[in-house]
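Asks: test case, fold it:
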Amino acid sequence: MSGTRAEIVKLARLLAEDPARFDYLADLPPADVRAVRIAATDVLFDANADVFARIAAASKLVPSAITAAIAERAFGPLLCARVAAALEPDRAVDLAARVSVDFLADVAAEIDPRRIAPILTALPVTRMRAVATVLIRRGDYVTMGSFIGELPTPALRALVAELSAEDMLHTAVFSDDDSRFPEIFAMVPDTKVAEVVQFAATAEDPFATDVFTVLTHLDAAGRARLAEEVDKLSEEDRSTIATRAAAVGMTDFV
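Replies: Okay, the predicted model is just below:
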């Protein structure tokens, strides 16, 4: 689970508010802020669920090409995100192939990935990779992070192969599922592990703290890979990493 600061950013994003409005939550554990966000997400997505289900059912009466055009030009991303959870996976995948990648990225930013896990399993990796490219270009790491817990392994592997170390860390900070970090880190090539370590040494606070919070969730194998690269750094960078790691209770790779 990401740190409190990241959870506040995600809550603010969900409610379309400035994160500063929720500064009073800064002293709470991240789990508490996350619980509030999940409860708010459920309220928003469950409201009028029957209406969205009827829209999804009615879409079957119209050819996919027409439905996709209406969705992109008239419904917009927010309504489509609500309806998507009520669509059958095959129908959703068919429609996803007919709208623009930019529009799919807009929908992804409005959707609750937990509700479309069957669709993600059926969606081609190439399509997901294209959407991820748009989200990264926009700097939308909040949306990227929200999908980590639900993406199938082949999709994760494809993304890890393309993302820079910095983009991976930004995405991980906003993840809703830290249990997959060891699995994901094992996919990272050695050259990118070196980049991760270098970024961890040079990132500025408060993001640097967020990065080390993420690293605490790695398994022994992942930490060993980090330690090997830390040993190659300058004394100054090793000292910086040691200080930052100690601040989050992580001392076994420095």
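
Asks: and the gap between the residue most central in space within the chain and V131?
Replies: By Cα atoms, centre = their mean, the chain has its centre lying nearest to G145, at 1.1 Å. Noted for G145: a distance of 14 Å to V131, by Cβ to Cβ, to the nearest Å. (C-beta placed from N, C-alpha, C; glycine too.)

Asks: still on that earlier bit, not counting sequence-adjacent ones, nearest residue to the residue nearest to the centre of the chain?
Replies: Excluding its sequence neighbours, the residue lying closest to G145 (Cβ to Cβ, 6 or more residues apart in numbering) is F174, at 2.9 Å.

Asks: list the contacts for the one you found?
Replies: Applying Cβ atoms under 8 Å, 6 or more residues apart in numbering, one finds that F174 lies in contact with S2, A6, V9, K10, Y141, V142, M144, G145, S146.

Asks: from memory the residue nearest to the centre of the chain sits against V173, does it?
Replies: Yes. When contacts are counted by Cβ atoms under 8 Å, G145 is listed as touching V173 (6.8 Å).

Asks: with just CA atoms, put the helix or strand containing V43 into PDB.
Replies: Assigned by DSSP states H and E, V43 falls within helix 30-46. What follows is helix 30-46 as a C-alpha-only set of coordinates in PDB (Å, rounded to 0.1, in the frame of the first residue of the first chain):
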ATOM      1  CA  PRO A  30      -2.200   5.200   4.900                       C
ATOM      2  CA  ALA A  31      -4.600   2.300   5.600                       C
ATOM      3  CA  ASP A  32      -7.200   4.600   7.100                       C
ATOM      4  CA  VAL A  33      -7.100   7.100   4.300                       C
ATOM      5  CA  ARG A  34      -7.300   4.300   1.800                       C
ATOM      6  CA  ALA A  35     -10.400   2.900   3.600                       C
ATOM      7  CA  VAL A  36     -12.100   6.300   3.200                       C
ATOM      8  CA  ARG A  37     -11.200   6.400  -0.500                       C
ATOM      9  CA  ILE A  38     -12.400   2.900  -1.100                       C
ATOM     10  CA  ALA A  39     -15.700   3.600   0.700                       C
ATOM     11  CA  ALA A  40     -16.100   6.800  -1.400                       C
ATOM     12  CA  THR A  41     -15.400   4.800  -4.600                       C
ATOM     13  CA  ASP A  42     -18.000   2.200  -3.800                       C
ATOM     14  CA  VAL A  43     -20.600   4.900  -3.100                       C
ATOM     15  CA  LEU A  44     -19.900   6.700  -6.400                       C
ATOM     16  CA  PHE A  45     -19.900   3.500  -8.500                       C
ATOM     17  CA  ASP A  46     -22.900   1.800  -6.800                       C
END
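
Asks: distance from the chain centre to it, please.
Replies: The chain centre lies 16 Å from the centre of helix 30-46; the measure is Cα atoms, centre = their mean, to the nearest Å.

Asks: for that helix, buried residues please.
Replies: P30, V33, R34, V36, R37, T41, F45 (16 or more other Cβ atoms under 10 Å).

Asks: and the fourth one, how far from K10?
Replies: Which is V36. V36 is 10 Å from K10, by Cβ to Cβ.
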